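>>> heads up, no residue letters with this:
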């Protein structure tokens, strides 16, 4: 048997073994993860919300739907909103979750406010949540999305990111030993990710109290302590560096970034839902600037950029931060009120 046929036989056996593992081994259900905790709630209440906030933990910790709804009611626009912010949500997952939300075909949803992070994060599979998202259908969809979006990127970058998805899926189908850990994460995630008002928002102060009962609040506490110890460094070095970067010329918009933003807007357009982009403060660290570049090229019609220490110094004030990346309760209140003021013209109550 020549090398070609020998290789073909090996590939065939690999596929058979892979499908066999997929059929026989229990997969960590997505409902144990952050995405599932919020999405299952949203499925049950899909016709309850006119506005959804979508993004990473910056959105989760920074936008209070109850306060936003109250301010909208005061302006004569009684609406209900939901915070779909999920820790570590990157650009690819944002597009994936947006499509899932729109696929619910809510009769009430009018506006999605999205704060996208890097288009291609390279940390897929690094957490239980990343792993559990990679069911067979989701993995194939994510790889397909990536192939379509990543034309023009370095081949090694495309290959590395694709491998992450495949590896996360293979990790998912061999998770029998971590089911008990998944259940523990699920109990904490459902309560914390939905928040005290079941609207998807939770201040870090509230989460610390909640997670302390399970002995899981250590990481949040350590981040605050580290942040306080770095006060001088942040004030004298990190913040001036952010200001310096913000004044530099914008980098050109990469082809895969253009495709990504167009995919987001096209998904919303097909569903008859308006999409508004925001950039919440990255605070003391220079974040990606592709949204600003897209606005300059008039690709993104609506962008509210709050990652600007000169225009919004209160968002960078030490007393309004929990750590380098997140607001505390006081900062979240300021951020929500600013969003309510800026987004009021875009909010339309359902009939």
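It's in. Just so we're clear, the structure is a prediction, and the values are computed from it rather than from any experiment.

>>> what about residue 158, which helix or strand?
Assigned by DSSP states H and E, residue 158 falls within helix 155-172.

>>> May I see the buried residues of that helix?
The neighbour-count criterion (16 or more other Cβ atoms under 10 Å) identifies 158, 161, 162, 164, 165, 168, 169, 170, 171, 172 as the buried residues of helix 155-172. To be clear about C-beta, it is placed using only N, CA and C from the backbone, and glycine gets the same treatment.

>>> Could you check how many residues crowd around residue 291?
Residue 291: 24 surrounding residues under other Cβ atoms under 10 Å.

>>> From residue 91, how far off is it?
Distance of residue 291 to residue 91, computed by Cβ to Cβ, to the nearest Å: 11 Å.

>>> Name the residues contacting each of those two.
Common neighbours of residue 291 and residue 91, using Cβ atoms under 8 Å, 6 or more residues apart in numbering, are residue 116.

>>> which residues in the chain form strands?
Using DSSP state E, the strands found in the chain span residues 51-55, 81-85, 111-115, 274-279, 303-305.

>>> Enumerate every residue touching residue 332.
By Cβ under 8 Å, 6+ apart, residue 332 lies in contact with 61, 62, 63, 64, 201, 203.

>>> For it, which non-adjacent residue is spatially closest?
Leaving aside its chain neighbours, residue 332 sits nearest to residue 62 (5.2 Å; criterion: Cβ to Cβ, 6 or more residues apart in numbering).

>>> Pretty sure the one you found sits against residue 326.
Yes - here residue 62 reaches residue 326: they are 7.2 Å apart, a contact under Cβ atoms under 8 Å.

>>> Those two: which has the busier surroundings?
Each of residue 62 and residue 326 has its neighbours counted (other Cβ under 10 Å); residue 62 has more, 29 against 25.

>>> Kindly provide the distance from the more buried one to residue 264.
Noted for residue 62: a distance of 20 Å to residue 264, by Cβ to Cβ.

>>> Would you mind listing the buried residues in stretch 48-58?
Within stretch 48-58, the residues that count as buried by 16+ other Cβ under 10 Å are 48, 49, 50, 51, 52, 53, 54, 55, 56, 57, 58.

>>> any low-confidence regions in this structure?
The chain contains residues with pLDDT under 70 at 1-35, 120-133, 145, 148-153, 172, 174-189, 283-287.

>>> one more time with 80, if that's ok
For the chain, residues meeting the criterion pLDDT under 80 lie at 1-37, 88, 90-93, 117-190, 213-218, 231-247, 256, 283-288, 350-351.
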